[in-house]
Structure formats: C-alpha cells, structure tokens
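K.L.:
Sequence plus predicted model, see below.
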Amino acid sequence: MFNRLPAPTLDPILQVMQMYRDDSRATKVDLGVGVYKDDTGITPVMRAVKGAERILVETQDTKVYTALTGDPAFHAAMIDLLLGDTVPAARIAAAAATGGTGAVRLAMELIATANPDATVFISNPTWPSHNALADKARLKRQSYRYYDAETGGVDRDGLWADLAAAKPGDVVLLHGCCHNPTGTDLTADDWAKMATFLKERGVLPFIDIAYQGFGAGLDEDAAGLRHIAATLDRVVIAASGAKNFGLYRERAGIALVLGPQEERATVSATLGALNRASISFPPDHGARIISTILGDDALRAQWEAELSEMRDRVNTLRSALATALRDECGSDRFGFLADQRGMFSVLGGSDAQIKRLRDEFGVYAVGGGRINMAGLSLDKIPQVAKAIAQVL
Ligand code: LMR
C-alpha cells in the first residue's frame with residue numbers, strides 16, 4: 001500500500017534548510033530556519049542550560065515516566081514565566097508537549113474535541129505549520145489579513161475586516177510576540193482592542209508564544225498575552241522553550257488552558273488523554289532543564305543575561321542591516337527592519353527573486369522573502385545587503 005503514497009511536499013522552511021545543506025559554497029548565508037546563531041555561526045548550548053544539566057546529572061535519581069501532562073514543577077515555572085500572577089493557578093490546566101509545535105497541535109486537538117465546528121482564524125502570513133497543524137487536527141480555518149507590506153506595520157483595516165467574520169465559539173490564533181514571519185507585533189492598544197472584541201464576540205483567543213524574550217524583554221513580550229488573560233475567562237496558550245532556552249532538539253513546550261476553576265480537572269484530564277493517544281508521556285529532559293533554571297536564582301540570572309545578549313545581538317543586526325541597505329539602495333525602503341522585533345522580517349520578492357538571491361548570491365531566505373536575522377553576522381552584512389539591493 002505504501003507504493004501508492006504520494007511524496008509529501010516539504011514546507012517552505014524545510015525546503016530552504018535542505019537546499020542550504022546541499023550548497024557547497026563557503027560564502028553561503030543561512031537566513032532560513034529560525035535558529036539563533038552567535039557571531040561565529042554556532043547555535044551554542046546556553047551556559048545556564050549546561051548548569052542545569054550538571055545539577056540534573058548529580059541529583060536526578062530516576063527517569064521513570066512523568067504524568068501524562070508532564071511534570072507539575074515545569075507547569076508552575078512556565079505559568080510564572082508566561083503569566084506572572086495574572087491568573088490564579090487553580091484556573092489553569094497545563095500539559096507538557098513535544099516542543100512548541102506539539103503544544104499547538106495538542107491545543108488544536110483539544111479545541112477540535114470540544115467544538116468540532118470551530119473555525120480557527122490564522123494570520124496571513126503566518127508560520128506555515130500553523131495551517132498544517134490545524135488541518136491535521138481537522139479544524140476549519142480561515143485567514144485574516146495582518147501585515148501591511150507598504151509600511152512594515154500591522155494591516156489594521158484588513159485585520160478587523162476579516163475578524164468580523166468570527167462567530168461565537170470560533171478561535172483567533174495570535175502570535176504572542178515576535179510575529180513569525182513579519183516581526184511586526186500588535187501594540188498595547190491593539191491588544192486592548194483585541195481583548196474587548198474577543199470577549200464581546202465570545203471568540204476564544206489562542207496565543208502561540210515561541211519567542212518570549214527575543215522582542216523587548218521577558219515581561220514586555222508577554223504583556224499582550226497577560227492583558228488577554230486578565231480580560232477573558234477562557235484563553236488557550238501554546239509556548240515553546242526551543243528558542244529562549246536554546247533547547248531546540250529537546251522539544252520542550254507547554255499548552256495552557258485558562259478557564260473557570262470547575263472546568264480545570266476535566267480539561268487537564270482531556271489534555272492527558274490526548275497526549276496518551278499520540279505520544280503517551282511527554283518528553284521531560286528539556287522541561288526539567290527549564291524548571292531547574294527558573295527555580296534557581298543564580299541560574300535564572302545567568303539565563304536572563306544570556307537571553308538579553310541574544311536579543312541585543314539580533315537588534316544590533318537589524319539596525320546594521322537596515323543601515324547597510326539604506327546605503328546600498330539610497331532609500332529607506334528597508335528601514336522597517338530596524339523597527340521590527342524577533343528573529344524574522346519579510347523582505348518581499350517573487351519566487352524568482354528569492355531563487356536569484358540563493359543561486360547568484362548564496363543568500364538563503366524563505367519564500368516571500370522571510371529572513372532570519374539571528375542567522376546573520378556583522379561580517380556578512382555587506383554581502384547580504386549588496387545581494388538584496390541588487391535583486392529586490
Ligand atoms: C521557523 O519558523 O523557522 C522555526 O519556528 C522553526 C520551524 O520549526 O519552522
């Protein structure tokens with residue numbers, strides 16, 4: 001029967017990863033997959049992570065299964081990191097998942113179980129997996145406009161016009177910070193308006209936050225999420241420890257469901273049952289590294305310092321690339337790069353132009369012109385700026 005399987009199409013990010021790997025040029029530049037690299041082109045294990053791993057080696061005395069929803073200490077640490085004291089823990093059901101992607105999938109399965117008729121509204125553009133995950137969870141989806149390529153800001157007219165179609169029981173998927181792929185986030189006013197709209201309309205907010213700490217700071221990046229959590233009775237959150245803890249391959253993610261206290265036990269049990277039917281017990285090593293770091297003052301301070309370093313580096317690269325492009329183009333048309341936040345921005349460009357960047361200049365961007373700022377280095381900026389100015 002497998003001979004009848006059609007070959008799957010890789011999503012655009014994975015296609016770029018593959019093409020980059022296959023390119024033997026020493027001058028190639030990887031601005032594809034969202035992975036942080038330091039000035040030497042390495043994605044290091046964070047020092048705080050090493051510290052936590054040393055503690056685990058010394059103190060962990062079993063690797064026996066955790067609960068179906070994962071380790072409660074991981075839940076508590078992530079709830080505190082994401083929400084502070086916005087919502088009492090008794091209102092939050094939590095489940096560890098296989099990375100941020102697994103958390104999005106788990107949350108979507110939960111939504112599909114509770115309301116198979118729900119439509120999920122997903123920003124256009126978005127991280128390609130959002131659409132794929134909704135399809136696999138058999139949820140209907142609809143896109144809403146989000147990005148104004150002319151200004152590099154939010155397309156507010158488009159966004160509100162498209163969200164007007166949401167009905168009670170539908171879901172709006174929002175990026176908590178560092179919107180992927182545009183680097184353009186909602187402002188505090190936008191979040192306030194969103195909270196009011198969702199509450200009045202009876203629409204469920206589903207916030208995917210994979211880059212907390214990469215935008216303006218840990219608390220700043222969670223401000224929109226916290227406002228929504230403080231305003232609405234029910235909120236779904238998917239969070240990742242891949243980027244801000246550099247734990248990419250450990251698959252440390254969590255799904256949180258905020259709701260009335262009396263619903264918590266059932267939601268929690270359902271999350272556990274969904275895990276059981278897909279991965280059984282969730283992975284624990286990354287989760288335990290995170291709870292160890294967040295529960296230890298010295299490790300936490302070290303981690304926050306390292307995260308600030310990464311954030312500052314990305315912002316420095318943003319400004320440097322915007323300046324280099326202004327010099328190359330003689331215009332400020334890429335000035336938005338300096339203002340946007342997180343790993344990604346979108347340069348625009350046709351498929352043919354993105355291919356030209358790749359083939360002629362060894363610069364690897366994702367279709368639509370998404371570039372990963374965190375893959376750049378200062379010494380590569382002149383080459384990248386020249387290529388972009390010539391092609392786009
Ligand atoms: C990205 O958008 O590049 C990252 O989130 C990595 C991934 O899995 O796609």
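P.N.:
Everything's here; your move. Residues are numbered from 1 along each chain as shown.

K.L.:
For the ligand, what's the nearest residue on this structure?
P.N.:
Using C-beta to the nearest ligand atom, Gly34 is the residue of the chain that sits closest to the ligand, at 3.1 Å. Where C-beta positions appear, they are placed from N, C-alpha and C, glycine not excepted.

K.L.:
which residue sits closest to that residue, ignoring its sequence neighbours?
P.N.:
Met343 (4.9 Å; C-beta to C-beta, 6 or more residues apart in numbering).

K.L.:
ditto for Leu347
P.N.:
Distance criterion C-beta to C-beta, 6+ apart; nearest residue to Leu347, sequence neighbours excluded, is Gly369 at 3.6 Å.

K.L.:
what's the distance between Arg25 and Arg288?
P.N.:
According to C-beta to C-beta, to the nearest Å, Arg25 and Arg288 sit 40 Å apart.

K.L.:
If you count surrounding residues, which of the two has more?
P.N.:
Shown here are Arg25 and Arg288; by other C-beta atoms under 10 Å, Arg288 has more neighbours (24 against 8).

K.L.:
OK, contacts around the more buried one?
P.N.:
Applying C-beta atoms under 8 Å, 6 or more residues apart in numbering, we find Arg288 in contact with 52, 56, 60, 71, 73-74.

K.L.:
Swap in 10 Å and give it another go.
P.N.:
By C-beta atoms under 10 Å, 6 or more residues apart in numbering, Arg288 lies in contact with 52-53, 55-56, 60, 66, 70-71, 73-74, 77, 96, 250, 252.

K.L.:
And for Phe344?
P.N.:
For Phe344, the contact set (C-beta under 10 Å, 6+ apart) comprises 31, 34, 127, 178-184, 211, 214, 366, 370-374.

K.L.:
Met310 touches Met373, doesn't it?
P.N.:
No. Using C-beta atoms under 10 Å as the test, Met310 is too far from Met373 to be in contact (11.0 Å).

K.L.:
what residues do these two have in common as contacts?
P.N.:
Here Met310 and Met373 share the contacting residues 36, 214, 343, scored by C-beta under 10 Å, 6+ apart.

K.L.:
now, which of those residues lie close to the ligand?
P.N.:
Among the shared contacts of Met310 and Met373, not one lies near the ligand by C-beta under 6 Å from any ligand atom.

K.L.:
What is the nearest of those to Glu263?
P.N.:
Nearest to Glu263 among these: Phe214, at 32.4 Å, using C-beta to C-beta.

K.L.:
What are the phi and psi values at that closest one?
P.N.:
phi -90, psi -10 (degrees, to the nearest 10).

K.L.:
which parts of the stretch 1-150 of the chain sit against the ligand?
P.N.:
Taking C-beta under 6 Å from any ligand atom as the contact definition, the stretch 1-150 of the chain meets the ligand at 13, 33-34, 127.

K.L.:
tell me the contacts of Lys167?
P.N.:
Applying C-beta under 10 Å, 6+ apart to Lys167 gives the contacts 117-119, 201-203.

K.L.:
among those residues, which two are most distant?
P.N.:
Using C-beta to C-beta, the contacts of Lys167 reach their maximum pairwise distance at Asp117 and Arg201, which is 15.7 Å.

K.L.:
of these two, who's got more company?
P.N.:
Per other C-beta under 10 Å, whichever of Asp117 and Arg201 has more neighbours is Arg201, with 16 against 10.

K.L.:
From Ala134, how far out is the more buried one?
P.N.:
When Arg201 is compared with Ala134 (using C-beta to C-beta), they lie 20 Å apart.

K.L.:
Count the neighbours of the nearest residue to Arg251 once chain neighbours are set aside for me.
P.N.:
Ranked by C-beta to C-beta, 6+ apart and with sequence neighbours excluded, the top spatial neighbour of Arg251 is Gly99, at 3.9 Å. Close neighbours of Gly99, defined as other C-beta under 10 Å, add up to 24.

K.L.:
Quick one: name the residues of the stretch 151-300 of the chain near the ligand.
P.N.:
Within the stretch 151-300 of the chain, the residues that sit near the ligand (C-beta under 6 Å from any ligand atom) are Asn180.

K.L.:
sorry, back to before: from the contacts of Arg288, pick the one nearest Asn3.
P.N.:
Glu250 (35.8 Å).

K.L.:
Can you tell me the closest non-neighbouring residue to the closest one?
P.N.:
Using C-beta to C-beta, 6+ apart and skipping the chain neighbours, the partner closest in space to Glu250 is Gly286 (3.0 Å).

K.L.:
what helix or strand does the one you found sit in?
P.N.:
For Gly286, the host element (DSSP states H and E) is helix 285-294.

K.L.:
now Gly259: how far from Thr196?
P.N.:
From Gly259 to Thr196 the distance is 19 Å (C-beta to C-beta).

K.L.:
Report the separation between the two terminal residues of stretch 59-69.
P.N.:
Start-to-end span of stretch 59-69 (C-alpha to C-alpha, to the nearest Å) is 23 Å.

K.L.:
List of residues touching that stretch?
P.N.:
53, 72-75, 93-97, 106, 254-255, 268-276, 279-285, 287-288, 292.

K.L.:
so what's Arg264 closest to, chain neighbours aside?
P.N.:
Among residues not flanking Arg264 along the chain, Ala93 sits closest, at 5.0 Å (C-beta to C-beta, 6+ apart).

K.L.:
Surely the one you found and Leu274 touch.
P.N.:
No. Judged on C-beta under 10 Å, Ala93 makes no contact with Leu274 at a distance of 11.6 Å.

K.L.:
check contacts around Leu258.
P.N.:
Listed by C-beta under 10 Å, 6+ apart, the contact set of Leu258 reads 79, 83, 86-88, 91-94, 205, 228-229, 232-237, 264, 267.

K.L.:
In helices only, show me these.
P.N.:
Among the contacts of Leu258, the residues falling in helices (DSSP state H) are 79, 83, 228-229, 264, 267.

K.L.:
just to revisit the earlier point, what about the contacts of Phe344, which are in strands?
P.N.:
370-372 (DSSP state E).
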